[in-house]
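S.K.: Just to be clear, the model below is a prediction. Sequence and coordinates:
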Amino acid sequence: MSIFEIIMLVCFGAAWPFSIYRSYTSRTNKGKSVLFLAVVLAGYVAGVLHKLFYLCDPVIYLYLLNGLMVALDILLYTRNQRLGRLPHELAR
């Protein structure tokens, strides 16, 4: 277990609740990129797989937590995309 890996995951993970909140409340995808979110999620999945195959330690929970937050942001992205297609009166 590396303290630097923990610090990195905590720092990256601290940003996701704000992104999720913004996605949920704004109901729009302005400034969002689903490709970026998918790449970040792939990185967290790779981190989990590394922990499972080579060095399973408690840091895996940070990878899982961050991955779940990114997955939630992707779900909100798809919701917002659907809302964007609705007539303005129905989207609220």
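M.R.: Okay, I see it. Residues are numbered from 1 along each chain as shown.
S.K.: what packs against the one helix or strand L62 maps to?
M.R.: Assigned by DSSP states H and E, L62 belongs to helix 60-85. Judged by 3 or more CB pairs under 8 Å, 6 or more residues apart in numbering; DSSP states H and E, helix 60-85 is in contact with helix 3-26, helix 34-53. (Glycine included, C-beta is placed from N, CA and C.)
S.K.: right, so of these, which gets closest to I60?
M.R.: Ranking the helices and strands packed on helix 60-85 by distance to I60, with CB to CB as the measure, places helix 34-53 first at 4.0 Å.
S.K.: any idea of the angle that closest one forms with helix 60-85?
M.R.: Calculated by axes from the mean of the first three to the mean of the last three CA atoms, to 10 degrees, helix 34-53 forms an angle of 160 degrees with helix 60-85.
S.K.: Spatially nearest residue to V45, not counting backbone neighbours?
M.R.: G67 (6.3 Å; CB to CB, 6 or more residues apart in numbering).
S.K.: Tell me how far the one you found lies from Y24.
M.R.: G67 sits 18 Å away from Y24, going by CB to CB, to the nearest Å.
S.K.: who's more crowded, these two?
M.R.: Higher neighbour count among G67 and Y24: G67, with 20 against 13, using other CB atoms under 10 Å.
S.K.: wait, that one sits on L41?
M.R.: Yes: G67 lies in contact with L41 (CB atoms under 8 Å); the separation is 6.0 Å.
S.K.: right, so of the helices and strands packed on helix 60-85, which gets closest to L83?
M.R.: Of the helices and strands packed on helix 60-85, nearest to L83 by CB to CB is helix 3-26, at 10.2 Å.
S.K.: what's the pLDDT at the residue nearest the centre of the chain?
M.R.: For the chain, the residue nearest the mean C-alpha position is V70 (1.1 Å; CA atoms, centre = their mean). V70 carries a pLDDT value of 98.
S.K.: Contacts only, for the nearest residue to it once chain neighbours are set aside.
M.R.: Among residues not flanking V70 along the chain, L41 sits closest, at 4.5 Å (CB to CB, 6+ apart). Applying CB atoms under 8 Å, 6 or more residues apart in numbering, we find L41 in contact with 67, 70-71, 74.
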